[in-house]
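S.K.: fold the following and give me the result.
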Amino acid sequence: MRIYHNQLVNTLNQGFKPVWLIFGDEPWQKNNSLSTIKSYFNQQGFVELIRFSVDDKFDWSLLLQEYQAMSLFSSQRIIELELLTNKLGDKGSKALAHISEQLHQDVLLILHGGKIDAPGQKRKWFKSLESNGCFLPLYDIEGKQLNQWIQRQARQNNVNLHSDVFLILAELFEGNLNALEQELQKLSILFGQQLITPEDAEKLLINQAKFSPFQLIDAMLTGDTNKCIAMLDQLKQDGTAITQLLWFIHKEIKQLAIMQEKISQGETFNNVCKEYRIWDKRKPLYQTAVNTIKPINLAHAQSRIAEVDLISKTSGEFNPFILLADVIVCLYHGETMQNFSLNYEYV
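M.R.: A predicted model of the protein is given here:
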């Protein structure tokens, strides 16, 4: 059985399932799912918890012994396996397949790990456990789903938000649900049931939002230069190393130039994405960039980022974060930006 995170509570109330498979890279959903499942079953009498961390050297006989053993402390137990790798090997696959054939009602088995791909989901051990339990894949929450998530969490935290504040929160914290949840809790403490206006939110939140270089690249690929500039400013305040950002941006610009060239020579977009290991969710970002950014502007941006790299290493008179903003703007307005020199003084 496969469900999504927002179906978790209803599924728990539908009856006992001896196996839960939780796989994905979004940390808030994973932590929330694990705590919700364990809390629910604690109330049902599953008070003993045994944890294993599984790597490529894990002794699978320990799991088999524990699953089959009678407990001295509780008749109902939870066994939790954190898979540090999804490649379990022959011994791991056989052990889990064996357990799937002898599941019983007094042991709850929880497996969790990073994203598991389609071939991994077709392995015998996974299919056997899923058929007897529940698989909860974790995907990033974005767009309309993110807005619904914020509304739901705001209600749970008793936060009264103006409709425009939802948009502010979504823009500032997309991709970082842990930070967003913390901010909602903070707003609940500070404002209680009082209506929180956009002005209130901006004063408290804008300087606290955390961005990553990956989010910066996403905004760059979609051409949202205003968001890129705001992110660069925040990354600077957070102490992000300029060399790290230079590497990320240079890598993407160089890759876009090669992708455009390959497509112009007759290769399909999907084949080029496969070559660069661009997964399906990110394909629309690259499709937008490849179709929107002119090759001449990519050339301008490559030239300018080389200048930024040199300036950042040889001069302390310039703010390299402003110069990186120049490079990103150049991708979409290179015809104009090429007329302006990067060699200006920063006060």
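S.K.: longest helix anywhere in this structure?
M.R.: Assignment by DSSP state H gives helix 242-264 as the longest helix of the chain.
S.K.: who are the packing partners of that one?
M.R.: helix 213-222, helix 269-275, helix 283-292, helix 295-314, helix 320-337 (3 or more C-beta pairs under 8 Å, 6 or more residues apart in numbering; DSSP states H and E). To be clear about C-beta, it is placed using only N, CA and C from the backbone, and glycine gets the same treatment.
S.K.: now do the second one: which elements does it pack against?
M.R.: With contacts defined as 3+ C-beta pairs under 8 Å, 6+ apart, the secondary structure elements packing on helix 269-275 are helix 242-264, helix 283-292.
S.K.: now it: mean pLDDT?
M.R.: For helix 269-275, the mean pLDDT works out to 90.
S.K.: quick one: residues contacting Arg304.
M.R.: Arg304 makes contact with Leu323, Asp326, Val327, Cys330, Met337, Leu342, according to C-beta atoms under 8 Å, 6 or more residues apart in numbering.
S.K.: can you tell me the closest non-neighbouring residue to the fourth one?
M.R.: Yep, that's Cys330 we're talking about. Met337 (4.2 Å; C-beta to C-beta, 6 or more residues apart in numbering).
S.K.: surely the one you found and Val329 touch.
M.R.: Yes - here Met337 lies in contact with Val329, judged by C-beta atoms under 8 Å, at a distance of 6.0 Å.
S.K.: what is the distance between stretch 161-179 and the centre of its chain?
M.R.: Its chain's C-alpha centre and that of stretch 161-179 lie 15 Å apart, by C-alpha atoms, centre = their mean, to the nearest Å.
S.K.: no wait, stretch 279-295
M.R.: 19 Å.
S.K.: just stretch 261-279 next, same as before
M.R.: Relative to the centre of its chain, stretch 261-279 is centred 24 Å away, using C-alpha atoms, centre = their mean.
S.K.: over to stretch 122-135?
M.R.: 24 Å.
S.K.: thinking again about what came up before, out of the helices and strands packed on helix 269-275, nearest to Lys203?
M.R.: Lys203 lies closest to helix 242-264 among the helices and strands packed on helix 269-275, at 27.2 Å (C-beta to C-beta).
S.K.: residues contacting that closest one, please?
M.R.: Contacts to helix 242-264, defined as C-beta under 8 Å, 6+ apart, come from residues 213-214, 216-217, 220-221, 232, 235, 269, 272, 275-276, 286, 289-290, 293, 295, 298-299, 301-302, 305, 308-309, 312, 320-321, 324, 327-328, 331.
S.K.: what subset of the residues you listed is buried?
M.R.: By the neighbour-count criterion of 16 or more other C-beta atoms under 10 Å, the contacts of helix 242-264 include these buried positions: 213, 216-217, 220-221, 232, 235, 269, 272, 286, 289-290, 293, 298, 301-302, 305, 308-309, 312, 320-321, 324, 327-328, 331.
S.K.: closest to Asp55 out of the helices and strands packed on helix 269-275?
M.R.: helix 242-264 (28.4 Å).
S.K.: only the buried residues of that closest one, if you could.
M.R.: For helix 242-264, by 16+ other C-beta under 10 Å, it's 242, 245-246, 248-250, 252-253, 256-257, 259-260, 262.
S.K.: tabulate those residues in JSON lines, adding columns for pLDDT and distance to Pro198.
M.R.: Formatted as JSON lines, the buried residues of helix 242-264 follow (pLDDT from 0 to 100; distance: C-beta to C-beta, whole Å):
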{"residue": "Ile242", "pLDDT": "85", "distance to Pro198": "32"}
{"residue": "Leu245", "pLDDT": "87", "distance to Pro198": "29"}
{"residue": "Leu246", "pLDDT": "89", "distance to Pro198": "34"}
{"residue": "Phe248", "pLDDT": "85", "distance to Pro198": "31"}
{"residue": "Ile249", "pLDDT": "92", "distance to Pro198": "31"}
{"residue": "His250", "pLDDT": "91", "distance to Pro198": "36"}
{"residue": "Glu252", "pLDDT": "92", "distance to Pro198": "32"}
{"residue": "Ile253", "pLDDT": "93", "distance to Pro198": "35"}
{"residue": "Leu256", "pLDDT": "95", "distance to Pro198": "35"}
{"residue": "Ala257", "pLDDT": "94", "distance to Pro198": "40"}
{"residue": "Met259", "pLDDT": "94", "distance to Pro198": "39"}
{"residue": "Gln260", "pLDDT": "94", "distance to Pro198": "40"}
{"residue": "Lys262", "pLDDT": "94", "distance to Pro198": "45"}
